[in-house]
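Trainee: sequence first, then the predicted structure, then my questions.
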Amino acid sequence: MKTKLQILIVEPSEIITQGLVAILQKHDFEVCGTAENTANLEMLLEEKSPDVLIINPLLNAPNNSTTLHAFLSRKSISNIFALIYQYVPNNILKNYTKQIDIHNDTKEILSLFEELKNDNDDTNNENYELTSRETDVLTLMVKGLLNKEIADKLNISIHTVITHRKNIVRKTGIKTVAGLTVYAMLNNLMD
Amino acid sequence: MQNNYFTENMKLADIITANYSLVLMLPRFNIALGFGEKSVKEICEKNGISARFFLLVCNVYTFDHYQTNKSSFTDMEMLVPYLAASHRYYMQERLPHIEHHLDKIIDKTDEKYGTILKSFFTNYKNEVAEHFTYEENVVFPYLNKLEEGVLNKKYTIKEFSATHSNIEDKLNDLIQIIFKYLPKNVCSNESIELIFDIMQLSNDLKKHQLIEDKILIPYVAHLEKRL
């Protein structure tokens, strides 16, 4: 399942915003929103939950409450690109994942996004088969062992056992121990 | 959706067209088909059913966010007969029907796998039977007594809601197993039909559970408080 990267742009200059949108859309990226200031940023981030936020680092934070990067660091957004066309001090720039300089050529700009696209695919290409550790947990579960007993037997923490159990249910779509027993037997996992 | 709940002046046919699953309500309330353009109110009157209660069930069944409150619980004499009729439908019609289809699939697969599936289903059926029997032998008589004004101090509905287990998870597991993991299961019309049958039952059971959680349990708790 490949999903397009969702990009949000916050930049006061309309010429620059429209130019960037045109380049990105031409190359099959999706711009999910644009804004010329940070007044509604909080709402936009929530509504659009973008994969990438492209923002002019010299803008003020919403309500001038703090610095922009301090505001952004509290948001759960993994990729924040600084959009620069004038001098920006390094101590500000270091807070951004990457930088887009408007003097960059299209190819350079696109390469920043291509890297992310690959990351995105990786997370979606998760292996849905059970790992061997998950299979170990499954067979012990089916034999009726408690989480504590499974943890002792496999020398792992109870917390890890619970994580494995969650993954088993998520991967197989089977929630009950009785159902998982049938799964284990049909797949010849039991001796 | 908030303001679009079903009301007694709507045509019964329109309500069923809005949610086809509600056709299942008709036998449970002993309403015959062929009701033409009559409103819910007219049909309920003709059949001696409280339209309020009928609509309460239809609304809970259809709108997941429908909230019940104390004022929902008037005219509740149909509650136990309704729940009991649902139980009969599951036990005497749907589960045997599904078992019959499952048996045909089991016949075509390896004996080893067939035995595993069969025993899973049999255990499930027994569990459901036990679940319903408990309600019929313990909860319903308790409710009847409460309605007569007698409070049995040894039992409270909290006990029931704490142990009221979910009975549709295993059906969903069965669907996963049949379409994902059963070896040599040729994609027969039978398997597909079976999966649809199980999905329909699972969905109906989910709604049944909602009706117990949003109507039966709060209604009994309300009676307990009053006595």
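Mentor: Cool, the structure landed. Numbers count the residues shown, from 1 in each chain, chains lettered A, B, ... in the order given.

Trainee: the residue of chain A found nearest chain B: neighbour count?
Mentor: Distances between chain A and chain B by Cβ to the nearest Cβ are smallest at A:G179, namely 2.9 Å. C-beta here means a position set from N, CA and C on the backbone, and glycine is covered the same way. With neighbours defined by other Cβ atoms under 10 Å in any protein chain shown, the count for A:G179 comes to 24.

Trainee: now do B:H131
Mentor: B:H131: 17 neighbours (other Cβ under 10 Å).

Trainee: just to be sure, it is in a strand?
Mentor: No. Going by DSSP: H, G, I helix; E, B strand; the rest coil, the assignment for B:H131 is helix, not a strand.

Trainee: tell me the buried residues in the lowest-mean-pLDDT helix or strand in chain B?
Mentor: In chain B, the helix or strand scored least confidently by mean pLDDT, DSSP states H and E is helix B:157-163, which has a mean of 86. Buried residues in helix B:157-163, counting neighbours by 16 or more other Cβ atoms under 10 Å in any protein chain shown, are found at B:I157, B:F160.

Trainee: helix or strand right after it?
Mentor: helix B:169-176 (DSSP states H and E).

Trainee: packing partners for that next one?
Mentor: helix A:177-186, helix B:111-134, helix B:189-211 (3 or more Cβ pairs under 8 Å, 6 or more residues apart in numbering or on different chains; DSSP states H and E).

Trainee: A:I54: which element?
Mentor: Assigned by DSSP H and E, A:I54 belongs to strand A:52-55.

Trainee: pairing partners for that strand, with directions?
Mentor: Paired with strand A:52-55 in the same sheet, following DSSP bridges, are strand A:6-10 (parallel), strand A:79-84 (parallel).

Trainee: relative to strand A:79-84, how tilted is the following helix or strand past the shortest one?
Mentor: The helix or strand immediately downstream of strand A:6-10 is helix A:14-26, counting by DSSP H and E. Computed with axes from the mean of the first three to the mean of the last three Cα atoms, to 10 degrees, the direction of helix A:14-26 lies at 140 degrees from that of strand A:79-84.

Trainee: residues in contact with helix A:14-26: which ones?
Mentor: A:7, A:9, A:11, A:30-31, A:34, A:36, A:54, A:83, A:85, A:100, A:102, A:106, A:109-110, A:113 (Cβ atoms under 8 Å, 6 or more residues apart in numbering or on different chains).

Trainee: out of those residues, which end up buried?
Mentor: A:I7, A:I9, A:E11, A:V31, A:T34, A:I54, A:L83, A:I100, A:I109, A:L110, A:F113.

Trainee: residues near the nearest residue to B:I98 once chain neighbours are set aside, how many?
Mentor: Closest residue to B:I98 apart from its sequence neighbours, by Cβ to Cβ, 6 or more residues apart in numbering or on different chains: B:D197 at 5.4 Å. Residue neighbour count, defined by other Cβ under 10 Å, stands at 16 for B:D197.

Trainee: same question, the one 3 residues further on
Mentor: Residue crowding around B:Q200 was assessed by other Cβ under 10 Å; the count is 14.

Trainee: next one: B:V40
Mentor: 23.

Trainee: list the contacts for it?
Mentor: Going by Cβ under 8 Å, 6+ apart, B:V40 touches B:F6, B:T7, B:E8, B:N9, B:M10, B:K11, B:L12, B:I15, B:A51, B:F54, B:L55.

Trainee: let's go with 10 Å and repeat that
Mentor: By Cβ atoms under 10 Å, 6 or more residues apart in numbering or on different chains, the residues touching B:V40 are B:6-15, B:49, B:51, B:54-55, B:58.

Trainee: how close does it sit to B:Y89?
Mentor: When Cβ to Cβ, to the nearest Å is applied, the distance between B:V40 and B:Y89 equals 21 Å.

Trainee: what of A:K94?
Mentor: 67 Å.

Trainee: what's the burial count for B:V23?
Mentor: Residues near B:V23, counting by other Cβ under 10 Å: 12.

Trainee: likewise B:K70?
Mentor: When neighbours are counted by other Cβ under 10 Å, B:K70 comes out with 11.

Trainee: residues in contact with the nearest residue to it once chain neighbours are set aside?
Mentor: Sequence neighbours aside, B:H222 is the residue nearest to B:K70 in space, at 5.9 Å (criterion: Cβ to Cβ, 6+ apart). By Cβ under 10 Å, 6+ apart, the contact list for B:H222 reads B:N69, B:K70, B:S72, B:F73, B:M76, B:L146, B:I157.

Trainee: lowest-pLDDT helix or strand in chain A?
Mentor: Lowest on mean pLDDT, DSSP H and E among the helices and strands of chain A sits helix A:106-124, with a mean of 70.

Trainee: what residues are up against B:E130?
Mentor: Contacts of B:E130 (Cβ under 10 Å, 6+ apart): B:S165, B:I167.

Trainee: same thing with B:Y181?
Mentor: B:Y181 touches A:T172, A:G173, A:I174, A:V182, A:Y183, A:M185, A:L186, A:N187, B:Y113, counting by Cβ under 10 Å, 6+ apart.

Trainee: what about chain A, any weak spots by pLDDT?
Mentor: Scanning chain A for pLDDT under 70 picks out the ranges A:1-3, A:117-127.

Trainee: show me how it divides into domains.
Mentor: A:6-124, A:132-186 (automatic domain parsing).

Trainee: just those domains: most buried one?
Mentor: Among the domains of chain A, domain A:132-186 has the highest mean neighbour count (mean count of other Cβ atoms under 10 Å in any protein chain shown), at a mean of 17.
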